[in-house]
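S.K.: need coordinates for the following:
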Amino acid sequence: MTTTAPDTVDYDIRRILAPSNDGKDVQATSFSLLETLNTHFPDEASLAETEILQQRLAEEQRVLQEEINALRAQLKESQDSNRMQVIQELISELLGQMSRIREKATESEAVVRNITKDIQVLDLAKKNLINSLTTLKRLQMLVNALTQLEDHVREKKYTEMAQTLAAVKQISVSFKPYTTVPRVAQVWRRIQQMQGEIRTLVESDFDKFYLEDPNKQVKSSTVADACLVVDVLGEDVRNSLVDRYVAMELKEYRRIFRTTDEAGQLDNIPRRFSWFLRLLQAHDLRQGRVWHLLAKFAEITRDDMSVLLSKAGASLNVKTLLDNLQLASDFELSIAKKWATPFADILAATAPPSGPIKSITSAFEPHMGVFVEAQNKALSDMLAPHRKPKAPPPRTSLDAGTPRASGELEEGSSPILVLPSSTELFYFYAQSLEQCAKLSSGQALFDLALVHKKWLKIYADDVLTASLKKSAQLRRSTETRFDLSAIQQASLVINTADYCQATALELEQKIREKINDEFKERVSFQSECDVFVGCVSSAIAIHLRELETACDPSFTTMTRISWATWAQVSGPSAYTGDLVKAIEQITEAIKPGIEQKKYLRNLFDKIYNLLLAKFTASLVKSRPLGEIGAEQLLIDLQTLKAFLIKLPGEALLTTSYTRGLSKSTARLESLLKVIVTPVDPPEGFILNYTLLIGDASFSNFQKILDLKGTPKFQQNDLLDSFLTITSTKSELDSTSFLSSLDMDPAASQGGMVSPSIISAPSEGIFSGLASPPLSGPPTGSSIGDVNRPGDRVFSDFRRFVSFGLRRDSQAQI
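M.R.: This next block holds a predicted model:
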């Protein structure tokens, strides 16, 4: 039998056996009673030793108590107030000793300072004496070197003069802080005077050497030694001598080619370059490369060119400008080839402190507007015949039998896919770009790019778009046959616009490669590419217009059939054959003319959208349809769908085309299947509507009744049943594709081909068509009505009131 010890016993055992926890509660420790008991009593035999264990525990308790008492006594002794007073007195005494040591240290420092004061004075005196002796010694060396320099100047010994002058300049640097001392100032002034005398002497010998006076000949070795002295004198003296030499060599050039004389005019620019090349040839035999002479010649010639071009003003023609610019460019290229160094690098290597020297061709940069304007005029003249084409003769009644073709090809000739004027335009662009890039890669090239942009837009508007507008203007509103020439022209415009768009992007890249960095980000032909995309869209609209024209007779026949009295279903209707034949004629005329498949795919997407929209509009015009008539129209729709699926061909058929066509026709099929369903019983008819249409719209259901031709007296009961049944189906939507179905398409628009329909997605064949208001219950609503919350509230309210009034009237009856 198992017994449980009381809590007090457990607590006492824990308090005795558990280790101390610094005064904390014993129960808060991790002491385990069971583990402790199992340790002391591992088996039943150990229970006999309980008294021995109790004695051992009592002994341990006694030892622990003695330790506690000893610690308490020690703590009491350490807290004795007398002992704390003694400690404080010791601390005070220690602080006093530290103060006395600090005072003695200060006194010792003063004593040491007094002892070493004389030593410091002696050290300072020694340092000043050493500096004085060193300075006097350097002064003596400077005076001696200056005396030697004077002797070398008198004897014109340039080699020794260069060495001595370098030593004098090096030693004199240390005396710059002592220029207030009279003796040092006197020596400093003498140094400056000697440098001036040496400079005058060197310049005199250089002048004699330049002039090659037979009476005052100077040896080349003397000039070479003098160059050593020039290097010591400094960079300013060297530049001055170079400028004197260059000015002396080009003095004759300035005299011969003054801008006021005949030799200095624009038509004599080749003589300038020939004169300088002869001068360079002479220098190649004597001095080698003389880049400073070349830089000065370029600077003088550029300034003269600027004056002459500015003076020419309005009389400056593009031939003179380009010929002279080409001459200047050829000269710079020949110089760069001669020394295997770019001309700009030569000018940069000899640039004066005032700034870099510009090239000769830079003088023509401000006047390149003449060239750009000439390109603008040339483009205007080139495109003038294409901007004003002769209008084709108007169509007459004699043309009614066959479609008209423009530009019949000769037998054996290949069809034109791109307008030749576009290739001519871009060939001219390439030539003008290459020519301008050789002459200038700055503002002129950017201005030329602007001219290119301007004429690309003009070409798109006045040539491509204008040709489409003229073909549209020639069509009469009463014509019911398609125009083959308009189809061919639209295909030609699509190919040309696509070619122009791609080539314009390549042109932009070429200009960016050749133009300076500061203009790169400003060069963009994106807006012009967008214009060409707009031309493609307009041309596709022409194709759709011709398709609509060719299909109109078939759809007119469809609307004239009395579908309500249709007796039986007997395969596809006759008008579907004519419709398929017309579509085949148009597409077979379009396919060979369009080069890019992406435009054909886009066109076929728009074709099935247009045809299904026309079919829907004709279906609405043909109401009432009747159940048999709707079944026949369903077969006609499936025939049209089967043809449209095969229309693009294997090469152009895509998954998106098939999916979009199936989605659009599925809606029409659902509409016709609801109409085919008998109204009796009403519950089955309404259930079929909710399954196929999937909405609870009162107005959409009434559209079905109108299309079906249900009599008015039956409509009231059907509408009541519809409200009763749909009120319990919360999962139904309030709108569907029927919400955008126009019940009077002829009143809303004259033609189906409009920008909104051409650009509409495949699921929008019902969109954009508004229903007119009718007397009695509404039969249609527009998309906007469905999307406005306020109108939806009023529509539900009208349903409620109408339903209540009919119920009251039925109850009275």
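S.K.: isn't Gln326 right next to Leu439, touching?
M.R.: Yes: counting by CB atoms under 8 Å, Gln326 touches Leu439, with 7.4 Å between them. Where you see a C-beta, it was placed from the backbone N, CA and C, and this is true even at glycine.
S.K.: low pLDDT regions in the stretch 251-400 of the chain?
M.R.: Across the stretch 251-400 of the chain, the ranges flagged by pLDDT under 70 are 284-289, 353-355, 388-400.
S.K.: and with 90 instead?
M.R.: Counting by pLDDT under 90, the low-confidence segments of the stretch 251-400 of the chain come to 251-376, 383-400.
S.K.: which residue sits closest to Val202, ignoring its sequence neighbours?
M.R.: Excluding the flanking residues, the one nearest Val202 by CB to CB, 6 or more residues apart in numbering is Ala226, at 5.0 Å.
S.K.: buried residues, the one helix or strand Ala486 maps to. List them.
M.R.: Using DSSP states H and E, the element containing Ala486 is helix 484-514. The neighbour-count check on helix 484-514 (16 or more other CB atoms under 10 Å) flags 484-501, 503-504, 507-508, 510-512, 514 as buried.
S.K.: for stretch 585-604, same thing?
M.R.: Neighbour counts using 16+ other CB under 10 Å place 585-587, 589-591, 593-594, 599-600, 602-604 of stretch 585-604 among the buried residues.
S.K.: dump those residues to TSV, plus distance to Val232.
M.R.: Converted to TSV, the buried residues of stretch 585-604 look like this (distance: CB to CB, whole Å):
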residue	distance to Val232
Gln585	98
Ile586	94
Thr587	92
Ala589	92
Ile590	88
Lys591	88
Gly593	84
Ile594	82
Tyr599	79
Leu600	84
Asn602	82
Leu603	85
Phe604	88
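S.K.: between those residues, which is closest to Glu528?
M.R.: Tyr599 (18.7 Å; CB to CB).
S.K.: okay, the closest one: pLDDT?
M.R.: Tyr599 is assigned 90 on the pLDDT scale.
S.K.: apart from its neighbours in sequence, what residue is nearest it?
M.R.: Looking at Tyr599 with CB to CB, 6+ apart, the closest residue is Ile494, at 5.5 Å.
S.K.: I'd like the average pLDDT over the helix or strand encompassing Ile101.
M.R.: Using DSSP H and E, Ile101 sits in helix 81-155. When pLDDT is averaged along helix 81-155, the result is 84.
S.K.: again, but for stretch 506-516
M.R.: Taken as a whole, stretch 506-516 has a mean pLDDT of 92.
S.K.: so for Gln326 and Leu439, which sits in the more crowded spot?
M.R.: Between Gln326 and Leu439, counting by other CB atoms under 10 Å, Leu439 is the more crowded of the two (19 against 15).
S.K.: tell me the contacts of the residue nearest to that one when sequence neighbours are not counted?
M.R.: Excluding the flanking residues, the one nearest Leu439 by CB to CB, 6+ apart is Leu325, at 5.2 Å. Counting by CB atoms under 8 Å, 6 or more residues apart in numbering, Leu325 touches 361, 364, 439.
S.K.: okay, now the first one: neighbour count?
M.R.: Residues near Thr361, counting by other CB under 10 Å, number 22.
S.K.: distance check, it against Ala437.
M.R.: Applying CB to CB, to the nearest Å, the value for Thr361 to Ala437 is 13 Å.
S.K.: and if you look at Leu647?
M.R.: 49 Å.
S.K.: can you tell me how far the spatially most central residue of the chain sits from Ile511?
M.R.: The chain has Glu521 as the residue nearest its centroid, 10.1 Å off, counting by CA atoms, centre = their mean. As for Glu521, its distance to Ile511 is 12 Å (criterion: CB to CB).
S.K.: Ser485 now?
M.R.: Here Ser485 is placed at a distance of 37 Å from Ile511 (CB to CB).
S.K.: neighbours of the residue nearest to Ser174 when sequence neighbours are not counted, how many?
M.R.: Nearest residue to Ser174, sequence neighbours excluded (CB to CB, 6+ apart): Arg138, at 6.2 Å. Arg138 is flanked by 14 other residues according to other CB under 10 Å.
S.K.: who are the contact partners of Arg138?
M.R.: Contacts of Arg138 (CB under 8 Å, 6+ apart): 171, 174-175.
S.K.: what is the nearest of these to Leu280?
M.R.: The shortest approach to Leu280 among the contacts of Arg138 belongs to Ile171, at 43.4 Å (CB to CB).
S.K.: neighbouring contacts of stretch 63-79?
M.R.: Contacts for stretch 63-79 (CB under 8 Å, 6+ apart): Arg83.
S.K.: again with stretch 348-364
M.R.: With CB under 8 Å, 6+ apart as the test, stretch 348-364 has contacts from 239, 291-292, 294-295, 298-299, 301-303, 305-306, 309, 321, 324-325, 328-329, 331-332, 343-344, 347, 439-440.
S.K.: Val523 against Ile511, yeah?
M.R.: Yes: using CB under 8 Å, Val523 is in contact with Ile511, at 5.2 Å.
S.K.: identify the contacts common to these two.
M.R.: Counting by CB under 8 Å, 6+ apart, the common neighbours of Val523 and Ile511 are Ala449.
S.K.: tell me the pLDDT at Gly626?
M.R.: Gly626 is assigned 84 on the pLDDT scale.
S.K.: cool, Gly784 as well?
M.R.: Reading off the confidence values, Gly784 has pLDDT 35.
S.K.: can you check Glu49 too?
M.R.: You'll see Glu49 listed with a pLDDT of 80.
S.K.: can I assume it sits in a helix?
M.R.: Yes: looking at Glu49 with DSSP: H, G, I helix; E, B strand; the rest coil, it is inside a helix.
S.K.: how about Lys514: what's its closest non-neighbour residue?
M.R.: Spatial nearest neighbour of Lys514, excluding adjacent residues (CB to CB, 6+ apart): Ala437 at 4.2 Å.
S.K.: alpha carbons only: can I get the helix or strand hosting that neighbour in PDB?
M.R.: For Ala437, the host element (DSSP H and E) is helix 420-439. This file holds the C-alpha atoms of helix 420-439, laid out as PDB (Å, rounded to 0.1, in the frame of the first residue of the first chain):
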ATOM      1  CA  PRO A 420      10.800  53.200-103.700                       C
ATOM      2  CA  SER A 421      10.600  56.700-102.200                       C
ATOM      3  CA  SER A 422      11.200  55.300 -98.700                       C
ATOM      4  CA  THR A 423      14.400  53.600 -99.800                       C
ATOM      5  CA  GLU A 424      15.500  56.700-101.700                       C
ATOM      6  CA  LEU A 425      14.900  58.700 -98.500                       C
ATOM      7  CA  PHE A 426      17.000  56.600 -96.300                       C
ATOM      8  CA  TYR A 427      19.700  56.200 -98.900                       C
ATOM      9  CA  PHE A 428      19.900  60.000 -98.900                       C
ATOM     10  CA  TYR A 429      19.900  60.000 -95.100                       C
ATOM     11  CA  ALA A 430      22.900  57.600 -95.000                       C
ATOM     12  CA  GLN A 431      24.900  59.800 -97.500                       C
ATOM     13  CA  SER A 432      24.200  63.000 -95.700                       C
ATOM     14  CA  LEU A 433      24.900  61.500 -92.300                       C
ATOM     15  CA  GLU A 434      28.300  60.000 -93.500                       C
ATOM     16  CA  GLN A 435      29.300  63.300 -95.100                       C
ATOM     17  CA  CYS A 436      28.300  65.400 -92.100                       C
ATOM     18  CA  ALA A 437      30.000  63.000 -89.600                       C
ATOM     19  CA  LYS A 438      33.300  63.400 -91.500                       C
ATOM     20  CA  LEU A 439      33.000  67.200 -91.200                       C
END
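S.K.: perfect, I'm done here.
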